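**Student:** Structural data only, the sequence is not supplied:
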């Protein structure tokens, strides 16, 4: 059974009022892999990382890309081209892994919401060891 299936089963076994609150909280912040992939495909500047609220990674991506453009404009096309190539390769790697990346994000979100709602038994049923969050 996958982590996602274990989490869903654990949420299904919660009392109705808690399950409803958990669902509302999770659904408010759930991310879609297709949206992530489209943002990755059309915007090489890390917009897809902002979608997952990964501010530091988005800033690093933008800085590396803009640094590459700056290096090219400053007369160092090889260095700038290599910087941009790193960004492009990194983006393609993430594009092909978008399902896995977003699934991991959503699973982490569900675990965090369960912790916030005090559903430690549900987390244990989902396979999380105490103190691992």
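**Tutor:** Looks like it came in fine. Predicted model, so just to flag it, every value in this text is computed and none were measured. Numbers count the residues shown, from 1 in each chain.
**Student:** From now on I want contacts and neighbour counts done on CA atoms only, so please keep to that.
**Tutor:** Noted.
**Student:** So for the worst-scoring helix or strand of the chain on mean pLDDT, what gets flagged as buried?
**Tutor:** Scoring the helices and strands of the chain by mean pLDDT, DSSP states H and E places helix 120-125 at the bottom, with a mean of 83. By 16 or more other CA atoms under 10 Å, the buried positions in helix 120-125 come out as 120, 122-123.
**Student:** now swap in stretch 35-54 and tell me
**Tutor:** 36-37, 39-40, 44-52.
**Student:** Output those residues in TSV; the columns should cover pLDDT.
**Tutor:** TSV is the format used below for those (pLDDT from 0 to 100):
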residue	pLDDT
36	91
37	89
39	88
40	86
44	67
45	73
46	77
47	82
48	88
49	88
50	88
51	90
52	91
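**Student:** Pick out whichever of those residues sits closest to residue 22.
**Tutor:** residue 52 (19.3 Å; CA to CA).
**Student:** if I look at that closest one, how far off is residue 59?
**Tutor:** Separation of residue 52 from residue 59 (CA to CA, to the nearest Å): 13 Å.
**Student:** Would you agree residue 52 is in contact with residue 29?
**Tutor:** No: under the criterion of CA atoms under 8 Å, residue 52 is not in contact with residue 29, lying 9.2 Å apart.
**Student:** Sketch out the helices for the protein, chain order is fine.
**Tutor:** Along the chain, counting by DSSP state H, helices occupy 3-12, 16-29, 33-42, 47-51, 55-73, 77-96, 98-116, 120-125.
**Student:** Pretty sure residue 26 sits against residue 108.
**Tutor:** No: between residue 26 and residue 108 there is no contact under CA under 8 Å: 10.2 Å.
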